[in-house]
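Novice: Here's a sequence, model it:
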Amino acid sequence: MMPELRAAVAAEWTKLWSVRSTWGTLAASAVLMVLVSAQLGIAHENNNTNEITTDDFGVTTAGAIAIESFAMLQFVLFTVAILAVTGEYSSRSIGWTLQAVPVRGRVLLAKALVVAPVMFVAGTAMCLLGAFAAKPLLGDWGTLDGLAYDAFAMGVYSAAGGVLTVGPALVLRSTATTLTAVFVVLLLLPVLLSAADSPVADFFPSIAGDHFMSGDTTEYPLAAALLIVLAWTAASVLAGARFLKARDA
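Specialist: Below is the predicted model of the structure:
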């Protein structure tokens, strides 16, 4: 790594962990993951015990419960990545950042290199937290099978998704506006398209990410699901880079 880039990454790392919003958002993500996974675990167990079933009917993995929970909570986690950009615009410290690192593409790369591993670790941890919160509540209906893959896949998707949100944050510069845009792309549009039975829904990053995390190869191979997510991430970063270079701080 070039010394200039190393210094930029170190600066972004320090900025990310020196604000309370990072710690607060990560803590909120963890707490919500435990609560939602526990609730889904109880609901799954209740639904099964109220049915006349064979011994293996309704058995699920605790990892699958965590993945289902994460589909609803990913926006909370991705707020960490969004604030890594919009927080600087709201405090006007972005001017100091661009003076210290005048090569704007290097600023974006440094932010991505910090956001990606943080989101990977956070996503992996959230999967484990959700799974272990749900497992005791699933009773005989839950297992820990495949948890290693589930945690790794959620970490990979979280890393890609976190970097993906950096792009619109650079374009929109507002936390609320960026969160709205991310919500529309990751949840609202895919839900509407799925309700209309449109095959286009499967090519949105959240749907492809869900296929990848759950190991579902019904629509396309897991490698293709990951490539879809990465393609959206790359397009988002390129859009962010263009706006970052074209506009004043």
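Novice: what stretches of this protein score poorly on pLDDT?
Specialist: In the predicted model, the chain carries pLDDT under 70 at residues 48-59, 249.
Novice: give the contact list for residue 232.
Specialist: By C-beta atoms under 8 Å, 6 or more residues apart in numbering, residue 232 lies in contact with 164, 204, 205. Quick note: C-beta positions are derived from backbone N, CA and C, even for glycine.
Novice: Reformat the residues you listed into a markdown table and put distance to residue 20 and secondary structure next to each item.
Specialist: Formatted as a markdown table, the entries for the contacts of residue 232 read as follows, by distance: C-beta to C-beta, whole Å; DSSP: H, G, I helix; E, B strand; the rest coil:
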| residue | distance to residue 20 | secondary structure |
| --- | --- | --- |
| 164 | 25 | helix |
| 204 | 33 | coil |
| 205 | 29 | helix |
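Novice: Now a PyMOL select for only the buried ones of those residues.
Specialist: Here is the PyMOL command that selects the buried residues among these (16 or more other C-beta atoms under 10 Å):
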select buried, resi 164+204+205
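Novice: Which of the contacts of residue 232 lies at the shortest distance from residue 190?
Specialist: Nearest to residue 190, judged by C-beta to C-beta, of these is residue 204 at 4.4 Å.
Novice: That closest one - nearest residue in space that isn't next to it in sequence?
Specialist: The spatially closest residue to residue 204, leaving aside those adjacent along the chain, is residue 190, at 4.4 Å (C-beta to C-beta, 6 or more residues apart in numbering).
Novice: The chain: helices as residue ranges?
Specialist: Read by DSSP state H, the chain holds these helices, from start to end of the chain: 3-17, 20-49, 62-91, 94-100, 104-138, 147-172, 175-183, 189-195, 205-214, 222-246.
Novice: Which positions within the longest one qualify as buried?
Specialist: Same thing as helix 104-138. 104, 106-116, 118-120, 122-131, 133-135, 137-138.
Novice: And the spatially most central residue of the chain, how far from residue 103?
Specialist: Centroid check for the chain by C-alpha atoms, centre = their mean gives residue 158 as the closest residue, at 3.5 Å. Residue 158 is 28 Å from residue 103, where distance means C-beta to C-beta, to the nearest Å.
Novice: Wait, the residue nearest to the centre of the chain touches residue 80, no?
Specialist: No. Between residue 158 and residue 80 no contact is recorded; they are 10.0 Å apart, counting by C-beta atoms under 8 Å.
Novice: Could you tell me which residues touch both of these two?
Specialist: Applying C-beta under 8 Å, 6+ apart, one finds that residue 158 and residue 80 are jointly contacted by 119, 122.
Novice: What degree of burial does residue 7 show, as a neighbour count?
Specialist: Number of residues near residue 7 (other C-beta atoms under 10 Å) recorded here: 15.
Novice: who's in contact with it?
Specialist: residue 101.
Novice: Check residue 186 too.
Specialist: Shown here is residue 186, whose contacts under the criterion C-beta under 8 Å, 6+ apart are 74, 75, 161, 204, 205, 206.
Novice: Look at residue 157 and say how many residues are nearby.
Specialist: Residue 157 is surrounded by 28 other residues when neighbours are defined as other C-beta under 10 Å.
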